[in-house]
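have a look at this prediction, sequence included:
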Amino acid sequence: MRQLIPTGDALRPVEFTEAPQPAPGPHEALVKVEAFAPNRGETFLLERPAPGLLPGKDIAGLVVQAAADGSGPGIGARVVGHPPHGGWAEYAAVPTHSLAVLPDGIDSVRAAALPLAGITALRLLRTAGSLAGARVLLTGASGGVGHYVTELAAAAGAELTVVTATPERGARLAELGAAEVVHEVADARGPYDVVLESTGGPHLPVAVSKVRPGGLVVWFGQASRTPATLDFFELLGGPEHVTIRHFHYAGAPYGRDLAALVRLVERGRLHPEIGRTADWSETADVLVDLRERRVRGKAVLTTGATRTAEQPATTGAARTAGHIATAGATRTADRPATTRANRTAEHPATTGATR
């Protein structure tokens, strides 16, 4: 099968290689990948890729081999998944506890935009607690997480102020329910009951100053890639008894949260914001644009796979090492594949405000 692997080149972060299809464990299903969505945090990992790094955590496609232990969806089910690694490929082995079945009304492109950003938004808002009537400030709001948080928080009754770089990016967030859009954290009109902070650097102490006494700051990213500095004595002059909570989304199982996201989309209560859709032959260029924040919301790559394309055998004994999947578009336009061995290391969990 074809798979994308890191190059270490900032301008061409990935390239195609030929690799054996993954051999699923007893609790894993083999999924024919139709679409995947990179996250900005993954672009940082590609700058200095660890040996064996196989990127790819957000996928959607078709189950072609059910889990041997009988768990999860059966052959032919359309699914969205959040594997630990290896999703930028024609086939991916996904733990069944990190899959959710898709209804006919949700296509693979929209589904692929859900996992990391959507799960982060759900878990972030659970951490924040009840938001009905609460004043909430969200920084770094124009990425994938920000769009989901905006729509979900507004639906929960929050009075939400979002911080975006440009008016154009803020316009969609206003449509999704943001009560106010500002372009600098300093311009936000506090105090807020809850601050959801994702940029770090010099923005974090400013965001902390906007929370009410006894309020909550949830720090869930560092999109600026700059460490933050907090001055103890400056905090004494601001709101007292503020709680600053570090947040990271990761922690399987993910299936229940994925199913919740799918239900919300199906019922028209959540709308994946996809700023770029392209064939996966363009993945390297899309990754650069995502890293440089030239994509609003999510970017989704499609593999060209179809439900009628050749599928691998459905039993472990019948699958052979020589079987190579044939789905994928315009292969002749790609650079020659290269081979790298023993890429089995688990992809580290990623964070970042603009997933």
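That came in fine, so what should we check first? Fair warning: this is a prediction, and the values are worked out from it, not measured in the lab.

correct me, but D279 touches T302?
Yes. Contact criterion Cβ atoms under 8 Å: D279 and T302 qualify, at 5.8 Å. Bear in mind the C-beta positions are built from the backbone N, C-alpha and C, glycine included.

which of the two has more residues huddled nearby?
Higher neighbour count among D279 and T302: T302, with 21 against 15, using other Cβ atoms under 10 Å.

hmm, which helix or strand of the protein has the shakiest average pLDDT?
Lowest mean confidence among the helices and strands of the chain (mean pLDDT, DSSP states H and E): helix 232-236, at a mean of 78.

roughly how far does L4 sit from V94?
Per Cβ to Cβ, to the nearest Å, L4 is found 17 Å from V94.

next SSE after the least confident helix or strand of the chain?
Following helix 232-236 in sequence order, the next helix or strand is strand 243-246 (DSSP states H and E).

any regions of the stretch 251-355 of the chain where pLDDT drops low?
Within the stretch 251-355 of the chain, the ranges that satisfy pLDDT under 70 run 306-355.

for the stretch 51-200 of the chain, what spans make up the strands?
Remark: strands assigned in the stretch 51-200 of the chain by DSSP state E, counting those that start in this stretch are 59-65, 78-81, 91-95, 99-101, 135-138, 159-163, 180-182, 192-197.

and the fourth one, how far from the chain's centre?
Mean-position distance between strand 99-101 and its chain equals 16 Å (Cα atoms, centre = their mean, to the nearest Å).

cool, the first one as well?
Here strand 59-65 shows a centroid-to-chain-centroid distance of 18 Å under the convention Cα atoms, centre = their mean.

and what of stretch 57-74?
Relative to its chain's centre, stretch 57-74 lies at 19 Å (Cα atoms, centre = their mean).

can you measure across it, start residue to end residue?
One end of stretch 57-74 to the other measures 21 Å (Cα to Cα, to the nearest Å).

next: stretch 136-155.
Using Cα to Cα, the end-to-end distance of stretch 136-155 comes to 13 Å.

which parts of that stretch are buried?
By 16 or more other Cβ atoms under 10 Å, the buried positions in stretch 136-155 come out as 136-154.

likewise stretch 219-227?
Buried residues in stretch 219-227, defined by neighbour count with 16+ other Cβ under 10 Å: W219, F220, G221, Q222, A223, S224.

tell me which two of the residues you listed sit farthest apart.
Farthest apart among the buried residues of stretch 219-227 by Cβ to Cβ are F220 and S224. That separation is 13.3 Å.

tell me, how many residues neighbour P253?
13.

enumerate every residue touching it.
Contacts for P253 (Cβ atoms under 8 Å, 6 or more residues apart in numbering) come out as P95, H97, S98.

now the residue lying closest to the second one once chain neighbours are set aside: how far from T43?
If you skip the residues right next to it in sequence, H97 has P253 as its closest partner in space, 3.6 Å away by Cβ to Cβ, 6 or more residues apart in numbering. In this structure, P253 and T43 are 26 Å apart, going by Cβ to Cβ.

could you do L230 as well?
Shown here: L230 relative to T43, a distance of 27 Å by Cβ to Cβ.

looking at the two, which has the bigger crowd around it?
Neighbours of L230 and T43, each counted by other Cβ under 10 Å, are more numerous for T43; the result is 22 against 10.

so where do the helices sit in this structure?
40-45, 108-112, 115-128, 144-155, 167-175, 203-208, 232-236, 255-266, 283-291 (DSSP state H).

so which elements touch the fourth one?
For helix 144-155, the elements it packs on are helix 115-128, strand 135-138, strand 159-163, helix 167-175, judged by 3 or more Cβ pairs under 8 Å, 6 or more residues apart in numbering; DSSP states H and E.

I'd like those laid out as TSV, including distance to V14.
Formatted as TSV, these follow (distance: least, Cβ to Cβ, whole Å):
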stretch	distance to V14
helix 115-128	18
strand 135-138	31
strand 159-163	31
helix 167-175	26
